[in-house]
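*Asks:* give me a model of this one.
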Amino acid sequence: QNNPGILKPLVKQTLDFSKELRSPQSLAVMAHALAKISFRTRKSINDSGKLWELLEENIVEVAKTEETIFDSRNCANILWAFAKVNRKSNQLFRLMENQVLFRIDNFNAQDLANTVWAYARVGHLSPKLFDAISHKAIEKLDAFNLQAIANTVWAYAAVGYSSPKLFEAISHKATEKLHSFNSQAMANTVWAYARVGHPSPKLFD
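*Replies:* Okay, the predicted model is just below:
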């Protein structure tokens with residue numbers, strides 16, 4: 001479980017058949033798995049650099065075609081994966097933005113939070129996307145868990161993008177769940193409100 005080396009045969013096979021790794025689903029699954037393994041083991045998988053280059057190249061190429069559509073989970077998982085390993089690709093994040101905006105109505109609360117977190121994590125600001133996620137997050141706020149709330153406000157604050165309506169809506173929702181916040185989620189939330197200068201007496205009193 002903690003030895004990425006055991007995956008060497010799978011990695012080699014993936015690289016050998018790289019041209020066949022073209023579907024949005026397979027690309028998303030591979031990226032998500034690679035990021036989770038790297039994060040959990042705190043080690044780099046053999047040839048991970050080549051794998052990430054392959055994934056980035058294929059995702060970009062597939063996303064450029066008008067007939068290809070990444071569903072909401074594929075979008076969120078790909079963006080989360082690249083951000084989790086801090087692999088910034090302006091072209092990939094720009095192309096995936098179009099996919100996200102096209103599918104935004106199908107995003108659930110977790111996918112919305114993961115997506116906006118990913119853009120903030122790599123420092124890729126997209127006002128159009130942040131506005132769209134803000135509106136959709138307000139609609140689906142009841143479905144946000146504590147981590148999703150904390151990650152969302154952190155993302156807007158991290159890139160310095162103001163969304164007063166979202167922060168106001170979240171302050172009411174967070175107040176209802178204060179007793180459930182862990183220390184890290186609370187710290188991130190407090191920092192975010194302070195960072196954007198959004199007063200919330202109910203949240204901080």
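
*Asks:* any weak-confidence spans in the protein?
*Replies:* 1-20, 40-48, 177-179, 201-205 (pLDDT under 70).

*Asks:* where do the helices of it begin and end?
*Replies:* Ranges of helices in the chain, per DSSP state H, are 8-16, 24-41, 48-64, 72-84, 90-103, 109-121, 127-139, 146-158, 164-176, 183-196, 201-204.

*Asks:* want to throw the ones you listed into a markdown table with mean neighbour count?
*Replies:* For the C-beta atoms, the positions are set from N, CA and C on the backbone; glycine is no exception. Below are those laid out as a markdown table (neighbours: other CB atoms under 10 Å):
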| stretch | mean neighbour count |
| --- | --- |
| helix 8-16 | 13 |
| helix 24-41 | 18 |
| helix 48-64 | 17 |
| helix 72-84 | 24 |
| helix 90-103 | 18 |
| helix 109-121 | 24 |
| helix 127-139 | 17 |
| helix 146-158 | 23 |
| helix 164-176 | 17 |
| helix 183-196 | 16 |
| helix 201-204 | 13 |
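
*Asks:* which residues touch residue 108?
*Replies:* Residue 108 is in contact with 72, 140, 143, counting by CB atoms under 8 Å, 6 or more residues apart in numbering.

*Asks:* spatially nearest residue to the second one (excluding sequence neighbours)?
*Replies:* Counting by CB to CB, 6 or more residues apart in numbering, the nearest residue to residue 140 once its immediate chain neighbours are dropped is residue 109, at 5.0 Å.

*Asks:* same thing with the last one?
*Replies:* Once its chain neighbours are removed from consideration, residue 143 has its nearest residue in residue 109; the separation is 3.9 Å (CB to CB, 6+ apart).

*Asks:* what sits against the one you found?
*Replies:* 137, 140, 141, 143, 144, 145, 148.

*Asks:* select only the buried ones of those residues in ChimeraX?
*Replies:* Selection of buried members from those for ChimeraX, criterion 16 or more other CB atoms under 10 Å:
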select :137,140,141,144,148
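
*Asks:* what's the closest of the contacts of residue 109 to residue 163?
*Replies:* Nearest to residue 163 among the contacts of residue 109, counting by CB to CB, is residue 137 at 8.8 Å.

*Asks:* can you tell me the closest non-neighbouring residue to the closest one?
*Replies:* Nearest-residue entry for residue 137: residue 112, 5.3 Å, with adjacent residues in sequence omitted and distances by CB to CB, 6+ apart.

*Asks:* check contacts around that neighbour.
*Replies:* 76, 133, 136, 137, 140, 148, 152.

*Asks:* quick check: the gap between residue 55 and residue 140.
*Replies:* Applying CB to CB, to the nearest Å, the value for residue 55 to residue 140 is 29 Å.

*Asks:* same question, residue 166
*Replies:* The gap separating residue 166 from residue 140 is 12 Å, by CB to CB.

*Asks:* do residue 89 as well
*Replies:* Taking CB to CB, one finds residue 89 at 28 Å from residue 140.
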